[in-house]
Structures are given as structure tokens and as C-alpha cells.
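Participant: give me a 3D structure for the following:
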Amino acid sequence: MGLNSNRVENFSGNEATIIRVSTTDSTLLPPPPLEVHSVCLPPKTTTFQKLKHRLSEIFFPDDPLHRFKNQTLLRKLVLALQFLFPIFQWAPEYDLRLFKSDVISGVTIASLAIPQGISYAKLANLPPIVGLYSSFVPPLIYSILGSSKHLAVGPVSIASLVMGSMLSETVSYSQEPILYLKLAFTATFFAGLFQASLGLLRLGFVIDFLSKATLVGFMAGAAVIVSLQQLKGLLGIVHFTTKMQFVPVMSSVFKQKDEWSWQSFVMGVIFLIFLLTTRHISIRRPKLFWISAAAPLTSVVLSTTLVFLLRSKAHGITIIGRLPEGLNPPSSNMLYLSGPYLALAVKTGIITGILSLTEGIAVGRTFATMKNYQVDGNKEMMAIGLMNMAGSCSSCFVTTGSFSRSAVNYNAGAQTAISNIVMATAVLVTLLFLMPLFHYTPNVILGAIIITAVIGLIDYQAALRLWKVDKLDFLACICSFVGVLFISVPLGLAIAVGVSVFKILLHVTRPNTTVLGNIQGTHTYQSLSRYRVASKVPSFLILAVESPIYFANSTYLQERILRWVREEEEWIKENNQSALKCLILDMTAVTSIDTSGIDALVEIRKMVEKRSLKLVLASPVGNVMEKLDKSQTLDSFRSNGLYMTVGEAVADISSLWKCQP
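Facilitator: Below you'll find the model as predicted:
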């Protein structure tokens, strides 16, 4: 008779205790006797109490008012001020040491924000000066209202691309520049209104529908389109398509061969190589972050100087031209709040608002995790929303937290949101005194800066991980990428969201069910397909339902469970095993049930009884128990049909069968 040795290791501190349990092949240690417990109903609560609890879980999972409990009135006022304006949380402890770090990081990100602001405004088909305006007012507002210490605020590539593509499909920015500008400001206002509303009503879960898989594909597709669009500047093409799809862009490039400028191309390639090289150096050696941070402004200075010196010969290189000096002019009178294009502005605002909000919160949480502090998602929504609403009234377009600038801000040693104020101050100086210096800045440099910034959005490694882990997520990623590349930016995003929603519906309507077996020598029951040591219990079919049961899946579950019963009976007949007598449903994962689900359970019970089988429910949660009780369905399960665990159900029913003659 062979001997098996099962080893159990217990690690405590630096010592390891090894216990060997020896069993023979033919006998196993029997599990200890199992006590059967009764399943009770949850405490009774009123409808109002249930509604209050449910709403609290939906809208206030973080219990934002817990700090106000058991506090004096004066302390509550101070906490309220800190809650509404996070700047008051860290301002009392602010000192010169922190200020030095913030000044260094603020000046560093300003060197990146100024050329990027001009570039992203061009990407949105807006006057370049609007990009600088958008790097001045919003950061000031965010520094007061925002809860992130490292988020660097300003225009970003994705929101700029989406705004430019959506508005230019209907309104020509070259033929109707004033109307286009009005719609851009109006879209920014509605983006901010939507963002602030999500924060105020605590509806942040809306942005969760943009899954990681969707965003990976969307950003990669957008990065490719944005990069291809910059061929206009790199090649010096004057007449270029306004469409944002792969085929029209490439067709326009080759149709306008006669407009290609070798001077523009050579300059663009040289500076693009320079920018990509500095970016690569900073990625390989994070301590040299300042190299890539200073590279865009260095490129602007060098290229502008070069064009100025060769202005009589460099006719093929287009330049920005004159930029107006001075602070942001008010634009509240330019908001387009009535007329045939209002729907376009609202739609553009909501889509760009969702995208910018998703990016801003994701970036803020990323760096908060690295520094071990919390970022309040709802406060961030309010802060980003309010700064965009204020920005729309001060000649700004959609802004949010930029990943590239925030990374530079983090690496430069930013300690608080003061770095945003320092950056805004640097932009202010630029607006007041340095605008004439940008007159000869070539457009090709702006294109090179954009390409360098967006190329990091192509995350092929994330796509490969999606393929390995979840094929449906990978499908959503590919649909998003292809949709953006070949159809349009908003439709590509809509397709990807649709695939993600389809995935949710698939999981909801087709939940998983699995057959459980007993781990020998224990009262534990696990999946037979997952654990080889698990074995079927004679005369029992034990099924685990891994989903709530409601109208969307009740019919499917009813059919699938009956199929399990039929297949089990066929297997028993083929293998001459003990007849099936009992069906046990493990309800541990059934977190809720509705009337359709209750009806399905009743139907399943009737159908299995026709087969002379007993239906037993194991591990029902309180919510399910309560609904079964109120529907009077529970009465039919009280007689040996309801157990706290699967193990207790098997042990008790088996003992009842043994007692029967």
C-alpha cells in the first residue's frame, strides 16, 4: 500500500515549521464533524433607511463629511474652508524650502508649457496666442481648488485634437474664424459645466465607461493622426485637408507634391531628431528630465533665430507671424448660447470634457500614489470644471492636467500647487513682454514639438498585455484605434465605448456557472475544472452562480442550470454512478436578485422536482434572503432547503438520507 506525504508549511518570522501529514492511498483523514447553522434574515429596516444607505453607497462611498463629526463650530468652519479650497490645507505649513522647490519646477514646466501651448492651439485650429492664454488663467484657478500637488495644468494634445476635428467638420476655421473661435470658447464652457456637474453631483463613475483598453487604442490612433497631420508643417504644404482620417490626410500629402519645401523638411527633421533624442535620454535617465523639458523651448529659440537670420532666403518656411501682446481679453460676450451650431458646441464640449477629465484625474492619481497622498476625484472634477468655465470667459480653450508636464513637474521636485502659479507667472511675463520674439517662429517647429509629445501616447506594450490577459479588451482597443484612424475621432471613440458596453452586457446577460466538488478531507467546495483534487459528491450536483440574478440573465441561468442537470444525469447513466437526488445552488456570489430572478428560482425548483430532485440554496446573502422572504418564496425552502454553506448542506442532507429506511 503506497504512502502519500502532504506537507503543510507554516512561516512565522524567520522560522519555518513543517508539518507532514501521511495518508495511505486507500484511506483519507475524515473531516471534522460539521455543525449545521440556521440561515437568518437581515435586520428589518424601513424603505427610507434602505434608500438612504443605497444612495450613500452610490454617491458618497468615501464619506466626505466624516471629518466634521464631533467637531466644534469653529473647527467645522475651518474644515469646510479646507474642504472647498484645498490650498488652505497646506498653506499654513508652507515655507521657503518648499517655495524654492516650487519655483524651480514652475520655471521648468513653463519652458515646456509655452511652446506646447502654442502648438496645441494650432492643433485645435485656433490662433496660437489662445494656447498661451490657456496656460495662464486655468493654472491659477486650479492651484486654489485642486487637490493634486503635482498636476501641471494647460492644453493637452487629445482634447485639442478632438475639439479641432469635431468643430472643423462643420465650420471652417479659415473661412469663418470668428464663428469657429466662438464655438471653441462655448465648447470649453460646456466642457467645464459638465465636469463641474459631475463633481457636484458626485457622478464620477460616468467617466469609468472609458476603460483602459478603450483609451489605449484611442490615444494610439489619435497620436498617429496627429503626427500625420504635422506633415503639413514638416513639408511646408499650404493647401492641406481639414479632415482627420488616415486616407484623406495621406492623399492630401501626395496630391500637393508641388508645394513641398525642402527647407522646411530639412529643418523639421533635424529638430525632430533633436527632440526625440532628448526625450529618449530623459526616459533612460530620469534624473536628466530637464533635458527633454528644455528641448522644446530651445528648439523654438534656435529655429526662430535661424529663420530670422535667413529670412531673405528661407521663403519655403512658413512662420507664426505677429502675436498680440497683453493679458487674456474677456470672451464671455463670445459664448455662442443660441443658434444652429449650439448642439455642435455642446456635443464637442461634453466629449472633450470627458476625455480631459479622464486624463487629468488619471495623471493626478498616478503621482499622488507615488508620493503617498490622496487625490479627491470629485474635488478634481469641480476644480477642472470651474477652471474651464472661467477659462471660456477669458479666451481659453479646454485645459486639464498634462501627463508630460506633470511628469516634468514631479521630477523637478514640485511640492505644492504653487508650481502652477510660478508657471502662470512665467507665461504672464511672456504675454506682456516677449510676444514679438515669436514672430519668426516656424510652424514646422510646432509640428515637431507636437509629434514628440504625442508619440509617447502609443503604448504598444499595453496593447500586448491586453491581448495576453483579455481578448475582449484587446478588441475594444483595436476598434478604438482603427475607428479613430479610418473613420473619425468621435466615432472611433464611440465604437470603442460601444465594444466596452457590449462586454459589460455580455458578462451581465451570460454570467458564469461552474460545477463544484469537494476537496477530499475537508468541508471545502471548489470548481472541478480548476482543482484536480476536487471530486464530485455522489447524488449531488453543486453549482455556483457567479452573478446577481435579475431580468437580464434569469432566462439564461434557468436554461443553463437545467442543462447542467441533464448533462449530469447523462454522465451518471454512462458511468453507472449513484442516481442524482439533490441540486445545490451556491449563492455566495449572487449579491442581488429581482422579481424576474425570483421567478426563475421558482421555475427551476418546479422543474427539478419533476425530475424527483431537491433544490437547495446555500450561502444566500442578506439582500437576497430579504427579497425571497417578502415574495413568500422563502417558505418553500425552509424545510432542508436553505443552508449557510455548501458543506453544511451536503452533510445535513446526507445524514437525513442515511436515517431514512
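Participant: spit out the contact partners of the closest residue to Ala152 other than its chain neighbours.
Facilitator: Of all residues beyond its chain neighbours, the one nearest Ala152 is Arg405 (3.7 Å), with distances taken as C-beta to C-beta, 6 or more residues apart in numbering. Glycine gets a C-beta too; all of them are placed from N, C-alpha and C. Going by C-beta atoms under 8 Å, 6 or more residues apart in numbering, Arg405 touches Ile109, Leu112, Ala113, Gln116, Ala152, Gly154.
Participant: let me know the pLDDT of Arg405.
Facilitator: As predicted, Arg405 sits at a pLDDT of 86.
Participant: which of the contacts of Arg405 ranks first by neighbour count?
Facilitator: The most crowded member of the contacts of Arg405, judged by other C-beta atoms under 10 Å, is Ala113 (36 neighbours).
Participant: surely that one and Ala152 touch.
Facilitator: Yes: the pair Ala113 / Ala152 is scored as a contact, 7.2 Å apart, by C-beta atoms under 8 Å.
Participant: now do the shared contacts for those two.
Facilitator: By C-beta under 8 Å, 6+ apart, the residues touching both Ala113 and Ala152 are Arg405, Met423.
Participant: for Phe240, see how far away the closest residue to Gln245 other than its chain neighbours is.
Facilitator: Once flanking residues are discounted, Gln245 sits nearest to Phe486: 5.9 Å by C-beta to C-beta, 6+ apart. Distance from Phe486 to Phe240, counting by C-beta to C-beta, to the nearest Å: 19 Å.
Participant: more neighbours, these two?
Facilitator: When neighbours are counted by other C-beta under 10 Å, Phe486 and Phe240 differ, and Phe240 comes out ahead with 18 against 14.
Participant: in a strand, that's where the more buried one is, yeah?
Facilitator: No: counting by DSSP: H, G, I helix; E, B strand; the rest coil, Phe240 is not part of a strand but coil.
Participant: does the nearest residue to it once chain neighbours are set aside belong to a helix, a strand or coil?
Facilitator: Computed as C-beta to C-beta, 6+ apart, the closest residue to Phe240 that is not its neighbour in sequence is Lys232, at 4.2 Å. Here Lys232 is recorded as helix under three-state DSSP.
Participant: and the gap between Lys232 and Val253?
Facilitator: 8 Å.
Participant: the two: which has the busier surroundings?
Facilitator: Neighbours per residue (other C-beta under 10 Å) separate Lys232 from Val253, with Lys232 holding more: 23 against 19.
Participant: quick check, pLDDT for the more buried one.
Facilitator: The per-residue pLDDT reported for Lys232 equals 83.
Participant: wait, it sits on Gly447?
Facilitator: Yes: assessed by C-beta under 8 Å, Lys232 is found in contact with Gly447 at 7.3 Å.
Participant: what's near enough to touch Asn640?
Facilitator: Here Asn640 is in contact with Lys614, Val616, Asp652, Ile653, Leu656 (criterion: C-beta under 8 Å, 6+ apart).
Participant: secondary structure class for it?
Facilitator: Asn640 - assigned by three-state DSSP - is coil.
Participant: how near is it to Ala552?
Facilitator: Taking C-beta to C-beta, one finds Asn640 at 31 Å from Ala552.
Participant: Lys122: what's it in contact with?
Facilitator: Contacts of Lys122 by C-beta under 8 Å, 6+ apart are Pro128, Gly131, Asn443, Leu446, Ile450.
Participant: that one sits in which helix or strand?
Facilitator: Lys122 is part of helix 96-123, with elements assigned from DSSP states H and E.
Participant: quick check: buried residues in that helix?
Facilitator: Going by neighbour count (16 or more other C-beta atoms under 10 Å), the buried part of helix 96-123 is 98, 101-123.
Participant: can you check stretch 646-661 too?
Facilitator: Neighbour-count burial for stretch 646-661 flags Val646, Gly647, Glu648, Ala649, Val650, Ala651, Asp652, Ile653, Ser654 (criterion: 16+ other C-beta under 10 Å).
Participant: among those, name the ones in helices.
Facilitator: Secondary structure assignment by DSSP state H places Val646, Gly647, Glu648, Ala649, Val650, Ala651, Asp652, Ile653, Ser654 of the buried residues of stretch 646-661 in helices.
Participant: so after the helix holding Lys122, what's the next helix or strand?
Facilitator: Criterion used, DSSP H and E; the element after helix 96-123 is helix 128-133.
Participant: starting at the chain centroid, how far to that next one?
Facilitator: Centroid separation for helix 128-133 versus its chain: 29 Å, with C-alpha atoms, centre = their mean, to the nearest Å.
Participant: pLDDT averaged over it - what is it?
Facilitator: So the average pLDDT for helix 128-133 ends up being 94.
Participant: other SSEs contacting that helix?
Facilitator: Contacts defined by 3 or more C-beta pairs under 8 Å, 6 or more residues apart in numbering; DSSP states H and E place helix 128-133 against helix 96-123.
Participant: Lys471 - how many residues pack around it?
Facilitator: Lys471, neighbours per other C-beta under 10 Å, totals 10.
Participant: no, scratch that, I was asking about Gly321
Facilitator: By other C-beta under 10 Å, the residues close to Gly321 number 11.
Participant: just give the closest residue to it, not the sequence neighbours.
Facilitator: Residue nearest to Gly321 in three dimensions, not counting chain neighbours: His439, with 6.4 Å by C-beta to C-beta, 6+ apart.
Participant: what does Gly353 give?
Facilitator: Gly353 sits nearest to Ala191 (C-beta to C-beta, 6+ apart), 3.4 Å away.
Participant: verify the contact between that neighbour and Ser356 for me.
Facilitator: Yes: assessed by C-beta under 8 Å, Ala191 is found in contact with Ser356 at 6.9 Å.
Participant: who has more neighbours, these two?
Facilitator: The neighbour count for Ala191 versus Ser356, taken as other C-beta under 10 Å, is higher for Ala191 (34 against 28).
Participant: who touches that one in this structure?
Facilitator: Ala191 sits next to Gly349, Ile350, Thr352, Gly353, Ser356, Gly385, Asn388, Val398 when contact means C-beta under 8 Å, 6+ apart.
Participant: where does the stretch 551-661 of the chain dip in pLDDT?
Facilitator: 660-661 (pLDDT under 70).
Participant: quick one: the helices in it?
Facilitator: Under the criterion DSSP state H, counting those that start in this stretch, the stretch 551-661 of the chain contains helices at 554-575, 595-610, 622-630, 646-659.
Participant: a markdown table for those, including distance to Pro33?
Facilitator: Shown next, in a markdown table, are those (distance: least, C-beta to C-beta, whole Å):
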| stretch | distance to Pro33 |
| --- | --- |
| helix 554-575 | 28 |
| helix 595-610 | 29 |
| helix 622-630 | 26 |
| helix 646-659 | 8 |
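Participant: so for Ile207, which of the ones you listed sits nearest?
Facilitator: Closest to Ile207 of the helices of the stretch 551-661 of the chain, according to C-beta to C-beta: helix 622-630, at 27.7 Å.
Participant: how about that closest one: buried residues?
Facilitator: In helix 622-630, counting by 16+ other C-beta under 10 Å, buried: Val624, Met625, Glu626, Lys627, Leu628.
Participant: same question, stretch 455-464
Facilitator: Buried, per 16+ other C-beta under 10 Å, within stretch 455-464: Ile455, Leu457, Ile458, Asp459, Ala462, Ala463.
Participant: how far does it stretch from one end to the other?
Facilitator: Criterion C-alpha to C-alpha, to the nearest Å; first-to-last residue distance in stretch 455-464 is 17 Å.
Participant: same question for stretch 128-140.
Facilitator: 20 Å.
Participant: for it, which outside residues touch it?
Facilitator: 113-114, 116-122, 152-155, 181, 184, 320, 323-324, 327-328, 387-388, 390-391, 394-397, 399, 420-421, 423-424, 427-428, 430-431, 435, 438, 446.
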